[in-house]
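Undergrad: got a structure for you, letters missing:
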């Protein structure tokens, strides 16, 4: 068990104790707790994309921000043209990104690794949706502009993806183990993490369960990878200096988030807070995942 799995397990145990005592956690407390953790760890993990990319690629600040913002604007336009297709694209991009960050440290053969990354991410996302179907349908039904996202649950397509991806990731890890491409300890650790994900997604509400994964098994791991990499580049990078590097874009992201929430809450823009949140996360995920794919090429 690595340190991130340990933190995840301890937090799950703590939350399970609260549920045992109180039977539930109020939705407002779920949102507040999740926003706090995502603000502290989630947003910062993507706040140094410019530094990560420029450490390996000769690119000016002007060109970087132009391309980054272009990706964001292009995706925003796609959302207005076809929200459903944009939502599915978001799920696919997120699945690949999560799988890549989870498995990039391992020496998986190039001809298999991209597919395995996607399978792992699909297993993650479909498991989250499978165990929280009713809650997600109710959540999407709260607002008129998110109700059509429930098309994800039509015809049980996501259930097929759930079973197929979980079986395939188990078979993929088994194949890598038999081919001596991952160690037995890695195999056990990955299966244990998948078990933890199934358990937490089943036990906890969707907001809590996704936040637990996103913060403790994804964001903290990526922050650790980024710190270790920049520690080599900057020669003994301190924690305080790393936080300073994270601060500008983190604060800028929070300012934009607060601004658009204000516009939505005051009906200045005709987009619900839920759809606005989904769009905001998705349009940032696209360029961030591109930068991180370049970053993970260093792990070969």
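TA: Thanks, I have it. In this text the structure is predicted, and so the values were computed from the model without any measurement. Numbers count the residues shown, from 1 in each chain.
Undergrad: going forward, measure contacts between C-alpha atoms and count neighbours the same way
TA: Noted.
Undergrad: Break down the stretch 151-300 of the chain into its helices, ranges please.
TA: Along the stretch 151-300 of the chain, the segments classed as helices by DSSP state H, counting those that start in this stretch run 157-178, 184-203, 206-212, 220-233, 239-265, 273-296.
Undergrad: what sits up against the first one?
TA: Spelled out, that is helix 157-178. For helix 157-178, the external contacting residues (CA atoms under 8 Å, 6 or more residues apart in numbering) are 108, 116, 119-120, 122-123, 126-127, 129-130, 152, 182-184, 187, 191.
Undergrad: Drop anything exposed from the residues you listed.
TA: 108, 116, 119-120, 122-123, 126-127, 129-130, 152, 182 (16 or more other CA atoms under 10 Å).
Undergrad: Now do the phi/psi pair for residue 234.
TA: Residue 234 has phi and psi values of phi -90, psi 0 when expressed as degrees, to the nearest 10.
Undergrad: Likewise for the one 4 residues further on?
TA: Note on residue 238: backbone dihedrals following degrees, to the nearest 10 are phi -90, psi 160.
Undergrad: any idea how far it is from residue 222?
TA: 17 Å (CA to CA, to the nearest Å).
Undergrad: List the ones among the buried ones among the contacts of helix 157-178 that fall in helices.
TA: 116, 119-120, 122-123, 126-127, 129-130 (DSSP state H).
Undergrad: ok, so of these, who is nearest residue 36?
TA: Proximity of those to residue 36 (CA to CA) peaks at residue 129, which lies at 23.0 Å.
Undergrad: List the contacts of the closest one.
TA: So residue 129 contacts 136, 158 (CA under 8 Å, 6+ apart).
Undergrad: quick one: it and residue 122, what's the gap?
TA: In terms of CA to CA, residue 129 sits 10 Å off from residue 122.
Undergrad: just residue 175 next, same as before
TA: In terms of CA to CA, residue 175 sits 18 Å off from residue 122.
Undergrad: list the contacts for residue 135?
TA: 205-206.
Undergrad: any idea which helix or strand carries it?
TA: Per DSSP states H and E, residue 135 falls inside helix 133-140.
Undergrad: Run the chain-centre distance for that helix.
TA: 19 Å (CA atoms, centre = their mean, to the nearest Å).
Undergrad: hang on, the earlier thing: let's have the ones in helices among the buried ones among the contacts of helix 157-178 in CSV, adding distance to residue 290.
TA: Below are those laid out as CSV (distance: CA to CA, whole Å):
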residue, distance to residue 290
116, 17
119, 18
120, 18
122, 18
123, 21
126, 22
127, 24
129, 25
130, 28
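Undergrad: what's the closest non-adjacent residue to residue 222?
TA: What sits nearest to residue 222 in space, not counting adjacent residues and going by CA to CA, 6 or more residues apart in numbering, is residue 45, at 6.4 Å.
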